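> Quick one: sequence and predicted model below, then my questions.
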Amino acid sequence: MHTDGLCALYDPSSSSTAGAIQISKSVGMAGVNIPKDVETIQESLNRIPIDQGGAQPPLKLDGIAGPKTNAAIQKFQIKHFGWSGADGRVDPGRQTLSKINEILDANAPMPGNAIYEPMARHLAESLIWIRAAQTNLTMASAVVDQPIGATDGGLFTFSRESRMALSNRHFGIDDQPAQQRAAELQWASAVFRKMQMVFERPGGLWGVHVFDSDSAPDKSRLAYTYSGGFYQPGAHDGIVRKDAIYANPVAFETFERPNIGGPFAIVHELAHFVGDIQGVNEIVDHSYGSPDYMKTRLTSRQKLRNAECYANFAWEARHGRAPKGLNPKKCAL
Ligand SMILES: [Zn+2]
């Protein structure tokens, strides 16, 4: 593995992405609510995957136990303990805090691996984005074969349109012939599933070993990787490993909105990484860098093979609203 002196041993005790969280007094409804404790819980609920009761949209880290924070605590409790355990409060040493720690531990990057630390901070959040994307695609798959405009009980929440909203906005699924839509959704699901596999092979081929720092940082790029690196364990391009994703250390350190930019770049690179090495199923950057980029109207098949579309999709699945200021139209046009 190449190093440039910037690779650091990942130490979970010094990172916000792992290690047991603690609070000194109760947080939430009728709690003591010391601001520092409240912020700890807010941050923790933001890091928990949505399908495991995490906050959606993410809570503002303001240290105030207001209605949104209390509701997020209660939602988490209902998910894990049912209504009987949902008092809306997190107490030191009690079951809600234990459950939060259990989930954060299970989702933390593997400790003890050499990994560029600024990137490591974004890995746990990236995995949350990927899981949120998968949840959304599962929801869409259940209704994709219904006719466009179908509703379930007349409620918009359950309508085909609402369940397909993200898949259509970012991948244009309904632009495809009806008989191909389910297969195309499955293709997108498979891409996210492979991304998840990259994180979930502790001690195996990938795990966090797949992330490395860019030894020759080019200011213009945040990260780079090889198409289909996922299928090329041990392969090299000159001295550079093809089975890795490289982050520009300077860019990751100075990125203005790290919790948005980091996972965004990681999901984008992961898409290239898990697509085919070449051919029609390679995941590329369609017209990236061209002045016409924003005007390019991609077909649904192109969107499904465009890395930025996966980053945009995951962003929205995670945050519950369209990406702002992140070139969302690259795929949505
Ligand atoms: Zn790219």
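Done, it's in. Residues are numbered from 1 along each chain as shown.
> contacts, neighbours, all on C-alpha from now
Will do.
> Let me see the mean pLDDT of the helix or strand hosting Gln196.
Element membership for Gln196, per DSSP states H and E: helix 178-199. Mean pLDDT, computed over helix 178-199, is 93.
> contacting residues around it?
109, 127, 130-131, 133-134, 137-138, 140-141, 144-145, 167, 173-174, 206-208, 210, 230, 267, 270-271, 274-275, 304 (C-alpha atoms under 8 Å, 6 or more residues apart in numbering).
> Direction included, what does the helix or strand just after it pair up with?
Downstream of helix 178-199, the next assigned helix or strand under DSSP H and E is strand 211-213. Strand 211-213 has the following sheet partners, assigned by DSSP bridges: strand 245-247 (parallel).
> can you pull the buried residues of the partner strand?
Ile245, Tyr246, Ala247 (16 or more other C-alpha atoms under 10 Å).
> Stretch 46-66 now?
Quick answer for stretch 46-66 (16+ other C-alpha under 10 Å): 46-50, 53-59, 61, 63-65.
> ok, now stretch 86-98?
So for stretch 86-98, counting by 16+ other C-alpha under 10 Å, buried means Ala86, Asp87, Gly88, Arg89, Val90, Asp91, Thr96, Leu97, Ser98.
> now swap in stretch 75-89 and tell me
Within stretch 75-89, judged by 16+ other C-alpha under 10 Å, the buried ones are Lys75, Phe76, Gln77, Ile78, His80, Gly85, Ala86, Asp87, Gly88, Arg89.
> so where is the stretch 1-150 of the chain shaky, pLDDT-wise?
1-19, 106-121, 150 (pLDDT under 70).
> Show me where it has its strands.
Assigned by DSSP state E, counting those that start in this stretch, the stretch 1-150 of the chain shows strands spanning 8-9, 27-28, 89-90, 114-115.
> out of the contacts of helix 178-199, which are buried?
Buried, going by 16+ other C-alpha under 10 Å: 109, 127, 130-131, 133-134, 137-138, 140-141, 144, 167, 173-174, 206-208, 210, 230, 267, 270-271, 274-275, 304, out of the contacts of helix 178-199.
> before we move on, the earlier item: report the two of the buried residues of stretch 75-89 separated the most.
Pairwise distances across the buried residues of stretch 75-89 (C-alpha to C-alpha) peak at 13.7 Å, for the pair His80 and Arg89.
> Would you mind confirming that Ile23 makes contact with Pro35?
No - the criterion here is C-alpha atoms under 8 Å, and Ile23 misses it with Pro35 at 10.3 Å.
> what about these two, which has more around it?
Using other C-alpha atoms under 10 Å as the criterion, Ile23 and Pro35 rank with Ile23 on top: 19 against 15.
> So that one versus Lys79, what's the distance?
Counting by C-alpha to C-alpha, to the nearest Å, the gap from Ile23 to Lys79 is 21 Å.
> for Leu45, same thing?
13 Å.
> Now do the shared contacts for these two.
Contacts common to Leu45 and Lys79, judged by C-alpha under 8 Å, 6+ apart, are Gly53.
> What is the neighbour count of the residue lying closest to Ile277 once chain neighbours are set aside?
What sits nearest to Ile277 in space, not counting adjacent residues and going by C-alpha to C-alpha, 6 or more residues apart in numbering, is Gly228, at 4.0 Å. By other C-alpha under 10 Å, the residues close to Gly228 number 21.
> where does the stretch 151-300 of the chain dip in pLDDT?
Using pLDDT under 70, the flagged stretches of the stretch 151-300 of the chain are 151-158, 201-209, 214-221, 249-261, 287-296.
> If we use 50, what do you get?
Along the stretch 151-300 of the chain, segments meeting pLDDT under 50 span 202-205, 256, 258.
> quick one: the strands in it?
Using DSSP E, counting those that start in this stretch, strands in the stretch 151-300 of the chain cover 211-213, 223-225, 236-237, 240-241, 245-247.
> for those, which one sits closest to Cys309?
So among the strands of the stretch 151-300 of the chain, strand 223-225 is nearest, using C-alpha to C-alpha, at 16.3 Å.
> which residues does the residue nearest to Leu61 when sequence neighbours are not counted contact?
Excluding the flanking residues, the one nearest Leu61 by C-alpha to C-alpha, 6+ apart is Glu39, at 5.5 Å. Glu39 makes contacts with Leu61, Asp62, Gly63, Ile64, as judged by C-alpha under 8 Å, 6+ apart.
> before we move on, what about Asp175?
Counting by C-alpha under 8 Å, 6+ apart, the residues that Asp175 touches are Ser300.
> residues touching the closest residue to Phe76 other than its chain neighbours, list them.
Leaving aside its chain neighbours, Phe76 sits nearest to Gly53 (4.4 Å; criterion: C-alpha to C-alpha, 6+ apart). By C-alpha under 8 Å, 6+ apart, the contact set of Gly53 is Leu45, Lys75, Phe76, Gln77, Lys79, His80.
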